[in-house]
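K.L.:
Quick one: sequence plus predicted model below, questions after.
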Amino acid sequence: MNLALGTGLMLLMVIIELFVLKFYKKEQIPWRDVVFNLNSGHILMWILRGAELAVFYFILHNYSFYLLKNWSFIPIWVFTFLTWDFCFYWLHRLHHKIKLFWIVHVVHHEGEEYNLSLGIRNSWYSSVTSIPFFIILAVIGVPFEIFVSISSLHYFVQFYNHNGIVKKSGFLEKIMITPSHHRVHHGVNPDYIDKNFGGTLVFWDKLFGTFQEEKEEDPVIFGTLDSIKTNNLFWANNIPVFQFFGISIPKFKTKSVRYKIKGLVLGTAALLLFFLLLNYIFYEDIWSNSIKIFLVVIIFTGTLAIGGVSEGRYWGLLLWIITGVILPIIFVITTLNNWLLNIFFMLLFLHVLYTTYTALRKQKI
């Protein structure tokens with residue numbers, strides 16, 4: 001339940017920031033970037049995060065030295081807070097330096113709009129490549145519950161550091177990785193590349209010589225030098241992997257748009273899927289496997305469909321119809337009635353009708 005509430009709080013903060021950017025700062029909302037970012041943090045990442053925790057739990061209970069077994073709660077908490085952040089620093093730094101890790105991490109850096117939704121944007125495989133860097137904490141004997149709570153706390157701080165509103169954070173600039181420090185990390189400016197790898201504490205960057213302060217005279221240019229220009233989650237996550245392993249794929253080209261859907265419509269689609277994800281997390285322990293499998297399929301196909309619709313592809317529209325009409329009908333017929341899910345399915349159905357009508361009415365725009 002706490003994980004669902006934490007994830008829901010992140011979504012709420014994303015929505016609040018978008019309202020501030022739109023109505024207070026009078027900026028246009030980069031809906032297609034926001035939609036991609038929200039979609040990338042969906043069900044597959046959640047499942048692989050569970051796999052990461054399962055590996056930690058297995059190592060802890062089978063290969064740990066239990067070096068902390070006689071420690072009281074507060075020293076263990078402080079130790080885990082510091083060592084987790086230290087491990088993350090090296091995880092992050094090596095994800096930039098080692099090609100095998102960079103092909104996973106690059107998805108996060110390809111976002112060219114800096115806002116809270118960027119804090120959710122990650123590769124499907126990011127949790128898998130995190131495993132080697134945190135195994136040492138299981139071997140040492142960090143209790144599982146403390147590892148989960150501390151990692152969640154650190155990830156929440158990192159999420160906050162992607163906000164597009166806070167410029168400078170006063171004295172915290174000397175202690176923590178602030179939004180200003182992390183903007184530098186996302187920059188492709190020559191002075192900013194491969195700087196500020198820390199997650200929560202700025203100490204590690206200063207200790208290991210990778211700290212760079214943001215310069216007013218050198219505004220951050222976001223993105224990567226060789227980004228893949230696509231809203232298709234499958235290609236964005238897998239083209240770098242295919243290229244690394246020498247797998248031949250057709251040359252990636254941006255095709256002409258067949259139809260165009262407004263960004264706000266795409267945004268509501270992404271929010272509907274995110275709400276389904278929150279329900280999955282909240283009820284994961286009590287729902288049957290059949291319900292969970294159906295939701296995994298619906299959410300996953302939905303994320304792919306929205307990417308296709310965002311690029312004006314007819315296959316995306318067809319997959320969105322399958323996601324919002326055909327799969328829910330099968331779900332309702334084959335499982336016990338669930339009023340909450342039925343409400344979401346009805347909203348999905350209405351969204352599919354509107355999107356399909358709009359796409360067919362505005363062909364070849």
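P.N.:
Here it is on my side, so go on. Numbering: from 1, shown residues only.
K.L.:
Only C-alpha atoms from now on, for both contacts and neighbour counts.
P.N.:
Fine.
K.L.:
which helix is the longest one in this structure?
P.N.:
helix 73-97 (DSSP state H).
K.L.:
which residues sit against that helix?
P.N.:
68, 101-102, 104-105, 130, 133-134, 137, 142, 146-147, 150-151, 154, 194, 197-201, 204 (CA atoms under 8 Å, 6 or more residues apart in numbering).
K.L.:
What lies in contact with the helix or strand that it is followed by?
P.N.:
Next along the chain after helix 73-97, taking DSSP states H and E as the criterion, comes helix 99-109. The list of residues contacting helix 99-109 from outside it, by CA under 8 Å, 6+ apart, reads 94-96, 118, 121-123, 125-126, 129, 186, 222-224, 236-237, 240-241, 244.
K.L.:
One more pass at 7 Å, please.
P.N.:
Helix 99-109 is contacted from outside by 95-96, 121-123, 125-126, 129, 186, 223-224, 236-237, 240-241, using CA atoms under 7 Å, 6 or more residues apart in numbering.
K.L.:
And it, what's buried?
P.N.:
Counting neighbours by 16 or more other CA atoms under 10 Å, one finds that the buried residues in helix 99-109 are 100-109.
K.L.:
Adding distance to K292, write those residues out as CSV.
P.N.:
Shown next, in CSV, are these (distance: CA to CA, whole Å):
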residue, distance to K292
L100, 32
F101, 30
W102, 32
I103, 30
V104, 27
H105, 28
V106, 30
V107, 27
H108, 27
H109, 31
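K.L.:
which residue sits closest to I150, ignoring its sequence neighbours?
P.N.:
Once flanking residues are discounted, I150 sits nearest to F81: 6.1 Å by CA to CA, 6 or more residues apart in numbering.
K.L.:
the helices in the stretch 1-150 of the chain, which residues?
P.N.:
When assigned using DSSP state H, counting those that start in this stretch, the helices of the stretch 1-150 of the chain occupy the ranges 2-19, 31-40, 43-63, 73-97, 99-109, 126-140, 144-160.
K.L.:
quick one: least confident helix or strand in the chain?
P.N.:
Taking mean pLDDT, DSSP states H and E as the measure, the helix or strand of the chain with the lowest value is helix 327-334, at a mean of 88.
K.L.:
what residues does it touch?
P.N.:
Here helix 327-334 makes contact (CA under 7 Å, 6+ apart) with 294, 298, 345.
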